[in-house]
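Q: Got a sequence here, can you build the structure:
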Amino acid sequence: MKRQLNRELLGFVVYIGGKRNRDMEKHEKLKGLVKDIKIAMLTTIDNDGMLRSRPMSLSKMEDEGVMWFFTQANAPKTEEIEHDGHVNINFMDRDSETYISVSGHAATIKDQNKIEELWSPVLKAWFPKGKEDENIALIRVEVDKAEYWDAPSGKLKQAIGMAKAAVTGQQYEAGENKKIDY
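A: As a prediction, this is how the structure comes out:
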(Lines give C-alpha, C1' and ligand atoms only; values in the text may rest on other atoms or scores of the structure.)
Protein backbone atom coordinates (compact mmCIF):
# COMPACT_ATOMS: atom_id res chain seq x y z
CA MET A 1 0.00 0.00 0.00
CA LYS A 2 2.80 2.40 0.98
CA ARG A 3 4.68 1.74 -2.27
CA GLN A 4 1.51 2.24 -4.32
CA LEU A 5 0.69 5.45 -2.47
CA ASN A 6 4.21 6.77 -3.05
CA ARG A 7 3.92 5.99 -6.76
CA GLU A 8 0.57 7.75 -7.01
CA LEU A 9 1.89 10.81 -5.20
CA LEU A 10 5.35 10.74 -6.76
CA GLY A 11 4.93 14.13 -8.39
CA PHE A 12 3.82 15.73 -5.14
CA VAL A 13 6.17 14.19 -2.58
CA VAL A 14 9.21 16.17 -1.46
CA TYR A 15 12.12 13.87 -0.74
CA ILE A 16 14.49 15.20 1.89
CA GLY A 17 18.21 14.90 1.18
CA GLY A 18 17.79 13.92 -2.46
CA LYS A 19 16.51 10.39 -1.73
CA ARG A 20 14.20 10.51 -4.74
CA ASN A 21 17.11 11.44 -7.02
CA ARG A 22 19.27 8.61 -5.62
CA ASP A 23 16.41 6.13 -6.05
CA MET A 24 15.76 7.33 -9.60
CA GLU A 25 19.47 6.95 -10.41
CA LYS A 26 19.38 3.33 -9.17
CA HIS A 27 16.20 2.63 -11.13
CA GLU A 28 17.71 4.15 -14.27
CA LYS A 29 20.90 2.09 -13.74
CA LEU A 30 18.84 -1.11 -13.50
CA LYS A 31 16.80 -0.20 -16.57
CA GLY A 32 20.02 0.52 -18.47
CA LEU A 33 21.58 -2.78 -17.44
CA VAL A 34 18.62 -4.94 -18.54
CA LYS A 35 17.93 -3.15 -21.81
CA ASP A 36 20.63 -5.03 -23.74
CA ILE A 37 20.08 -8.40 -22.03
CA LYS A 38 17.08 -9.72 -23.88
CA ILE A 39 16.87 -13.23 -22.42
CA ALA A 40 16.26 -13.79 -18.73
CA MET A 41 15.33 -16.77 -16.57
CA LEU A 42 11.86 -16.30 -15.09
CA THR A 43 11.31 -18.36 -11.93
CA THR A 44 7.82 -19.13 -10.67
CA ILE A 45 6.49 -21.30 -7.86
CA ASP A 46 4.75 -24.48 -8.99
CA ASN A 47 1.51 -25.63 -7.35
CA ASP A 48 3.50 -28.07 -5.19
CA GLY A 49 5.82 -25.29 -3.96
CA MET A 50 8.79 -26.17 -6.18
CA LEU A 51 10.64 -23.48 -8.13
CA ARG A 52 10.50 -23.63 -11.93
CA SER A 53 12.58 -21.51 -14.27
CA ARG A 54 12.45 -20.94 -17.99
CA PRO A 55 14.05 -18.51 -20.46
CA MET A 56 11.93 -15.51 -21.39
CA SER A 57 12.52 -12.51 -23.60
CA LEU A 58 12.01 -9.13 -21.92
CA SER A 59 9.79 -6.95 -24.09
CA LYS A 60 10.02 -3.78 -22.05
CA MET A 61 10.98 -2.35 -18.68
CA GLU A 62 9.03 0.77 -17.77
CA ASP A 63 10.39 3.62 -15.66
CA GLU A 64 8.26 2.75 -12.65
CA GLY A 65 9.73 -0.77 -12.38
CA VAL A 66 7.28 -2.82 -14.43
CA MET A 67 8.61 -5.55 -16.74
CA TRP A 68 6.64 -7.04 -19.62
CA PHE A 69 6.98 -10.48 -21.22
CA PHE A 70 4.90 -12.20 -23.89
CA THR A 71 3.57 -15.70 -23.17
CA GLN A 72 1.05 -18.21 -24.36
CA ALA A 73 -2.07 -17.86 -22.24
CA ASN A 74 -2.34 -21.62 -21.74
CA ALA A 75 1.32 -22.13 -20.71
CA PRO A 76 1.92 -23.80 -17.32
CA LYS A 77 3.67 -20.67 -16.04
CA THR A 78 0.44 -18.69 -16.27
CA GLU A 79 -1.27 -21.15 -13.91
CA GLU A 80 1.73 -20.97 -11.57
CA ILE A 81 1.57 -17.16 -11.56
CA GLU A 82 -2.16 -17.27 -10.87
CA HIS A 83 -1.52 -19.64 -7.93
CA ASP A 84 1.37 -17.59 -6.51
CA GLY A 85 2.49 -14.36 -8.17
CA HIS A 86 5.92 -14.20 -6.50
CA VAL A 87 8.60 -14.41 -9.19
CA ASN A 88 12.30 -13.95 -9.64
CA ILE A 89 13.95 -12.92 -12.88
CA ASN A 90 17.66 -13.41 -13.48
CA PHE A 91 19.58 -11.61 -16.20
CA MET A 92 23.17 -12.40 -17.13
CA ASP A 93 25.53 -10.94 -19.68
CA ARG A 94 28.78 -12.90 -19.49
CA ASP A 95 30.58 -10.63 -21.94
CA SER A 96 30.05 -7.50 -19.84
CA GLU A 97 30.09 -9.41 -16.52
CA THR A 98 26.67 -8.04 -15.56
CA TYR A 99 24.38 -10.08 -13.31
CA ILE A 100 20.93 -9.00 -12.15
CA SER A 101 18.37 -10.60 -9.86
CA VAL A 102 14.87 -9.11 -9.74
CA SER A 103 12.12 -10.10 -7.28
CA GLY A 104 8.55 -9.06 -7.82
CA HIS A 105 4.90 -9.92 -8.28
CA ALA A 106 3.56 -11.14 -11.59
CA ALA A 107 0.16 -11.29 -13.21
CA THR A 108 -0.96 -12.68 -16.55
CA ILE A 109 -2.83 -10.06 -18.56
CA LYS A 110 -4.75 -10.12 -21.83
CA ASP A 111 -4.73 -6.47 -22.89
CA GLN A 112 -4.92 -6.02 -26.65
CA ASN A 113 -3.78 -2.37 -26.48
CA LYS A 114 -0.64 -3.35 -24.53
CA ILE A 115 -0.02 -6.27 -26.88
CA GLU A 116 -0.18 -3.82 -29.82
CA GLU A 117 2.21 -1.44 -28.06
CA LEU A 118 4.80 -4.12 -27.25
CA TRP A 119 4.46 -6.27 -30.37
CA SER A 120 7.57 -7.08 -32.40
CA PRO A 121 7.57 -9.02 -35.70
CA VAL A 122 9.99 -11.59 -34.25
CA LEU A 123 7.16 -12.73 -31.94
CA LYS A 124 5.47 -14.37 -34.95
CA ALA A 125 7.82 -17.32 -34.33
CA TRP A 126 5.82 -18.07 -31.15
CA PHE A 127 2.50 -16.60 -32.24
CA PRO A 128 2.03 -17.47 -35.94
CA LYS A 129 -1.40 -15.81 -36.00
CA GLY A 130 0.23 -12.54 -34.96
CA LYS A 131 -1.12 -9.97 -32.50
CA GLU A 132 -4.65 -11.33 -32.88
CA ASP A 133 -3.71 -14.83 -31.67
CA GLU A 134 -6.29 -15.81 -29.05
CA ASN A 135 -3.59 -17.62 -27.04
CA ILE A 136 -1.39 -14.55 -26.64
CA ALA A 137 -1.01 -12.97 -23.22
CA LEU A 138 1.41 -10.77 -21.31
CA ILE A 139 3.17 -11.33 -18.04
CA ARG A 140 3.38 -8.08 -16.09
CA VAL A 141 5.98 -8.10 -13.32
CA GLU A 142 5.95 -5.31 -10.78
CA VAL A 143 9.49 -5.17 -9.39
CA ASP A 144 9.74 -5.15 -5.60
CA LYS A 145 13.50 -5.52 -5.21
CA ALA A 146 16.52 -5.96 -7.41
CA GLU A 147 20.22 -6.51 -6.97
CA TYR A 148 22.91 -6.19 -9.57
CA TRP A 149 26.58 -6.89 -9.96
CA ASP A 150 28.30 -4.90 -12.68
CA ALA A 151 31.98 -5.82 -13.02
CA PRO A 152 34.57 -3.77 -14.87
CA SER A 153 34.22 -4.53 -18.55
CA GLY A 154 37.01 -6.19 -20.42
CA LYS A 155 38.89 -9.35 -19.57
CA LEU A 156 42.21 -7.47 -19.45
CA LYS A 157 40.92 -4.98 -16.90
CA GLN A 158 39.57 -7.83 -14.76
CA ALA A 159 42.82 -9.78 -15.03
CA ILE A 160 44.83 -6.72 -13.97
CA GLY A 161 42.49 -6.19 -11.01
CA MET A 162 42.85 -9.82 -9.91
CA ALA A 163 46.64 -9.72 -10.31
CA LYS A 164 46.80 -6.49 -8.28
CA ALA A 165 44.73 -8.11 -5.53
CA ALA A 166 46.97 -11.19 -5.49
CA VAL A 167 50.16 -9.10 -5.30
CA THR A 168 48.92 -6.64 -2.66
CA GLY A 169 47.05 -9.23 -0.59
CA GLN A 170 43.89 -7.15 -0.79
CA GLN A 171 40.52 -8.53 -1.81
CA TYR A 172 39.64 -8.25 -5.48
CA GLU A 173 37.06 -5.52 -6.15
CA ALA A 174 34.72 -7.30 -8.55
CA GLY A 175 32.77 -4.20 -9.48
CA GLU A 176 29.61 -2.46 -8.44
CA ASN A 177 27.01 -4.32 -6.35
CA LYS A 178 23.80 -2.51 -5.39
CA LYS A 179 20.41 -3.41 -3.95
CA ILE A 180 17.36 -1.52 -5.15
CA ASP A 181 14.00 -1.34 -3.39
CA TYR A 182 10.96 -0.14 -5.29
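Q: Tell me, what's the model's pLDDT at residue 71?
A: Looking at residue 71, its pLDDT is 98.
Q: ok, which stretches of this structure are strands?
A: Using DSSP state E, the strands of the chain run over 39-45, 51-61, 66-72, 86-93, 98-109, 136-150, 176-181.
Q: Can I get these in a markdown table including mean neighbour count?
A: Every C-beta, even on glycine, is put in place using the N, C-alpha and C of the backbone. A markdown table is the format used below for those (neighbours: other Cβ atoms under 10 Å):
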| stretch | mean neighbour count |
| --- | --- |
| strand 39-45 | 19 |
| strand 51-61 | 15 |
| strand 66-72 | 19 |
| strand 86-93 | 19 |
| strand 98-109 | 19 |
| strand 136-150 | 20 |
| strand 176-181 | 13 |
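Q: Redo those strands as TSV? Include distance to residue 124.
A: Below are those laid out as TSV (distance: least, Cβ to Cβ, whole Å):
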stretch	distance to residue 124
strand 39-45	18
strand 51-61	13
strand 66-72	11
strand 86-93	24
strand 98-109	20
strand 136-150	11
strand 176-181	34
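Q: Tell me which of those strands approaches residue 122 most closely.
A: strand 51-61 (8.5 Å; Cβ to Cβ).
Q: Packing partners of that closest one?
A: helix 19-34, strand 39-45, strand 66-72, helix 76-83, strand 86-93 (3 or more Cβ pairs under 8 Å, 6 or more residues apart in numbering; DSSP states H and E).
Q: Let's have those in JSON lines, adding distance to residue 125.
A: Below are the helices and strands packed on strand 51-61 laid out as JSON lines (distance: least, Cβ to Cβ, whole Å):
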{"stretch": "helix 19-34", "distance to residue 125": "22"}
{"stretch": "strand 39-45", "distance to residue 125": "14"}
{"stretch": "strand 66-72", "distance to residue 125": "11"}
{"stretch": "helix 76-83", "distance to residue 125": "18"}
{"stretch": "strand 86-93", "distance to residue 125": "21"}
